[in-house]
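J.: Pasting the sequence and the predicted coordinates here, then a few questions.
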Amino acid sequence: MLLRYFSQNWSSVGPVGRQTLPPGEPKHYCGQCSQTSVCAGVSEVLSSVVDDIGQAVSRNVSGAQLLHELLCAPWLRALLKVQPESTGVSVDHFIKSYTDPKPLCSSYLMLFFNTWTCFCQALLSSHDSVAQSDYGPVLPPLPNELPEDEEAMRIVCLVKNNQPLGATIRRDEETGEIYIARVIHGGLADRSGLLHPGDLLVEVNGSPVVGLEPEQVIQILINSQGTILFKVIPNSTHSSSSSQKLVYMKAMVDYCPLQDSSIPCPNAGMAFSRGDLLEVVDQSDGQWWQARKLPRVTSCAGLIPSASMLKSKQREQWWCQPLQVHTCIRPCEDSSLLSLLTDLSVCVHLQIVAGEESIFQSPAWQDRDAGFRRSFRLWRRTSYRKRRQSCTSCSPNSSAMSTPYEEVALYQRPPQENHRLIILVGATGVGVNELRKRLIKLNPSTFQGPVPHTTRRIRAEEQTGREYHFVTKELFEYMVCNHRFVEYGEYKGHLYGTSTDAINDVLRRGRMCIIDVEPHSIQPLRTGKLKPYVIFIKAPSPDRLRQTRRDARIITNYTINRAFTDDFVELEEASRLMETKYKQFFDSVLVNDDLQDACMQLCSIIQQAQDEPQWIPVSWSRRDE
Ligand SMILES: Nc1ncnc2c1ncn2[C@@H]1O[C@H](COP(=O)(O)OP(=O)(O)OP(=O)(O)O)[C@@H](O)[C@H]1O
């Protein structure tokens, strides 16, 4: 350690630390004084010590930061300058005198160096003690025969700074005893290593706490200044070696501790929103976990409700509002997708029976090149409104409520595995279809769309499996009943749909399959087989939309292929709402500002999705998925 290294070098004064003088290097002398290179030694030792400690700081060596700050502190400099009062010499003077020798009295040189040596040794000895966590005298071993009722008491001294203590307390209502309830990972108490959950708090700064209310104990802590002395009886069942496994979770809901009356300590809580990646460091409590948000900005964790706790909160909330129709729409819209699929088939069936006219026109609906067909976006928009009217599938047990967190792990696609399915989503008119078309046109041998199914009659120039899979209405409906379609709809009395088989066909051929869907269709596609990567195409500001979409045309309900007028504020608002509502499903967000740039960015996002490690739900990696 530093002290040993310093003592060795200090006595010989020559080689210091890593700046060891090579053998034969001339030794330095200070003017008329006969001391061997002491001035050089002082400055070298000092800078070498500061250097070494600087490196120890970067390696996070315990105590190094403190020592570094100490050595660089202005008060230390001031202290060193006290020496001239007794000796008439300062460190600066020495260093200067070394380069510009002046006569110095050897007696005050000796006096100075004796004082300086003692000071440095004391300083470095303190550093070594801190670094080796050697805080006190070594106590004699405990006698073999201790009285059974004897309890070991621990005295913990913490220095209060502007950080919270990072521990919560609880009161045993029967005995009035105060216990440490939990210690927040990475907080002050945790880093001290001296306070543990279950420790019985006996005194704080000399005041007994038994019988006090937790609020009163907290008040004592708040009022204390400087060092705080805790007297605790350690929890004998606590094992210091119990290191928790880190678990990574994606938040599927929003949470705000300040609005949660059940949290034990709102200030220790951590807010998160849907889509946030959480590193859960402690799940030992069934109700409150400890977690950090990724990317990590602080080492200190925060309290979050456990999955079961969040689920019961959701259920409570649901039952509290049974009469408000709009509240049950939210979870229904959000992700109860399998049940939506059932609703969807009802909608389609009704449309067929009623012979309802579709809003699509041929040129807009169909692009003749394979893989370039229009999506079902317009159809989906109308039927989506219909679905909102019937929310029978919403229940407190729906899937939206059962997954507040999704456990995730990093996944890198092995080269021999199929590409991940690429899903584009975005508000209508933002340019999802345009980007998809451009991408496929750019590199048709790499990117491809699935070939849709239809019940309409095949035309002369068409070939089944190329433009469409031409099937009978009975087969189409059979496929609907068997959930074989990702999305489907009706146009002029004919059914059209994109099947999962068609997606698998593209992937099996080694290509990257690009589809665009409504956000509520993402959930059924989230399987280990497809491992979808979802890119949200976001609208830029209304001003940028106005500038970039001057020549663009939009297809809207009942007004086909018209120029954009002043829909930009609405478009941006729709895009913002969609992002807020579904962001937990998005892996990446791309702002479609300049078309060329957006297309290039899309290519690189897709490349990264296929070739670089990404977070995916752990359930996708299980074999039985
Ligand atoms: N970045 C852009 N700059 C200029 N024009 C764009 C841009 N992105 C899309 N457009 C144009 O905006 C119009 C609407 O785009 P697109 O049809 O792709 O919208 P969409 O999001 O698929 O919505 P919908 O399904 O309702 O058509 C098209 O005319 C398209 O060429």
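T.: Nice, I can see it. Residues are numbered from 1 along each chain as shown.
J.: And what about residue 52, helix, strand or coil?
T.: What DSSP: H, G, I helix; E, B strand; the rest coil gives for residue 52 is helix.
J.: Near it, how many other residues are there?
T.: Residue 52 has 19 neighbouring residues, counting by other CB atoms under 10 Å. No exception for glycine: its C-beta is placed from N, CA and C like everyone else's.
J.: next one: residue 314
T.: 18.
J.: wait, doesn't it sit right on residue 404?
T.: Yes: Residue 314 is within contact range of residue 404, at 7.0 Å (criterion: CB atoms under 8 Å).
J.: Could you list the residues in contact with stretch 502-510?
T.: With contacts defined as CB atoms under 8 Å, 6 or more residues apart in numbering, stretch 502-510 is touched by 418-419, 421, 448-453, 469, 486, 512-513, 515, 529-530.
J.: can you rerun that using 6 Å?
T.: For stretch 502-510, the surrounding residues in contact (CB atoms under 6 Å, 6 or more residues apart in numbering) are 418, 448, 450, 451, 513.
J.: How about stretch 582-589?
T.: If you take CB under 6 Å, 6+ apart as the criterion, stretch 582-589 is touched by 252, 274, 275, 519, 522, 533, 534, 535, 536, 538, 605.
J.: quick one on the thing from earlier: so which of the contacts of stretch 502-510 would you say is closest to residue 177?
T.: Nearest to residue 177 among the contacts of stretch 502-510, counting by CB to CB, is residue 418 at 60.2 Å.
J.: Distance-wise, check that closest one relative to the ligand.
T.: Using CB to the nearest ligand atom, to the nearest Å, residue 418 is found at 26 Å from the ligand.
J.: Tell me, how many residues neighbour the residue nearest to that residue when sequence neighbours are not counted?
T.: Here the nearest residue to residue 418 in space, its sequence neighbours aside, is residue 507; by CB to CB, 6 or more residues apart in numbering that works out to 4.3 Å. Neighbour count for residue 507, taken as other CB under 10 Å: 19.
J.: got the buried residues for the strand or helix carrying residue 507?
T.: Taking DSSP states H and E as the criterion, residue 507 maps to helix 500-508. By 16 or more other CB atoms under 10 Å, the buried positions in helix 500-508 come out as 500, 502, 503, 504, 505, 506, 507.
J.: so residue 608, which of the three states?
T.: Assignment for residue 608 (three-state DSSP): helix.
J.: Use 54 as the first number from now on
T.: In the new count, where the first residue is 54, that last one comes out as residue 661.
J.: State the pLDDT value of it.
T.: The model reports residue 661 with a pLDDT of 96.
J.: need the contacts of stretch 555-563 in JSON lines with neighbour count and secondary structure, can you?
T.: Listed next are those as JSON lines, based on neighbours: other CB atoms under 10 Å; DSSP: H, G, I helix; E, B strand; the rest coil:
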{"residue": "471", "neighbour count": "18", "secondary structure": "coil"}
{"residue": "501", "neighbour count": "21", "secondary structure": "strand"}
{"residue": "503", "neighbour count": "23", "secondary structure": "coil"}
{"residue": "504", "neighbour count": "22", "secondary structure": "coil"}
{"residue": "566", "neighbour count": "25", "secondary structure": "strand"}
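J.: Can you convert those residues into TSV and add a column each for pLDDT?
T.: Formatted as TSV, the contacts of stretch 555-563 follow (pLDDT from 0 to 100):
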residue	pLDDT
471	95
501	95
503	95
504	94
566	97
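J.: re earlier: counting only helices, which of the contacts of stretch 635-642 make the cut?
T.: 575, 658 (DSSP state H).
J.: residues in the stretch 454-603 of the chain within reach of the ligand, list them.
T.: The interface of the stretch 454-603 of the chain toward the ligand, taken as CB under 6 Å from any ligand atom, is made up of 479, 481, 482, 483, 484, 485, 486, 487, 601, 602.
J.: Dump the residues you listed into a markdown table; add secondary structure and distance to residue 527 as well.
T.: What follows is these, written out as a markdown table (DSSP: H, G, I helix; E, B strand; the rest coil; distance: CB to CB, whole Å):
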| residue | secondary structure | distance to residue 527 |
| --- | --- | --- |
| 479 | strand | 35 |
| 481 | coil | 32 |
| 482 | coil | 36 |
| 483 | coil | 37 |
| 484 | coil | 37 |
| 485 | helix | 32 |
| 486 | helix | 31 |
| 487 | helix | 36 |
| 601 | helix | 46 |
| 602 | coil | 43 |
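J.: Now list the buried members of those residues.
T.: Among these, those classed as buried by 16+ other CB under 10 Å are 479, 481, 482, 483, 484, 485, 486, 487, 601, 602.
J.: Let me see the ranges of the strands in the stretch 554-678 of the chain.
T.: 565-569, 586-591, 606-609, 612-616, 641-644, 667-670 (DSSP state E, counting those that start in this stretch).
J.: Just put these in JSON lines and tack on distance to residue 334.
T.: Below are the strands of the stretch 554-678 of the chain laid out as JSON lines (distance: least, CB to CB, whole Å):
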{"stretch": "strand 565-569", "distance to residue 334": "37"}
{"stretch": "strand 586-591", "distance to residue 334": "28"}
{"stretch": "strand 606-609", "distance to residue 334": "48"}
{"stretch": "strand 612-616", "distance to residue 334": "54"}
{"stretch": "strand 641-644", "distance to residue 334": "27"}
{"stretch": "strand 667-670", "distance to residue 334": "17"}
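J.: between these, which one is nearest to residue 121?
T.: Closest among the strands of the stretch 554-678 of the chain, using CB to CB: strand 667-670, at 36.7 Å.
J.: Direction included, what does the closest one pair against?
T.: Strands that pair with strand 667-670, judged by DSSP bridges, come out as strand 458-464 (antiparallel).
J.: What residues sit buried inside the strand it pairs with?
T.: Neighbour-count burial for strand 458-464, counted by 16+ other CB under 10 Å, picks out 458, 459, 461, 464.
J.: quick one: contacts of it?
T.: By CB under 6 Å, 6+ apart, strand 458-464 touches 301, 302, 303, 305, 360, 666, 667, 668, 669, 670, 671.
J.: could you pull out the strands for the stretch 204-353 of the chain?
T.: Using DSSP E, counting those that start in this stretch, strands in the stretch 204-353 of the chain cover 207-212, 220-224, 231-236, 253-257, 260-261, 280-286, 300-304, 330-335, 341-347.
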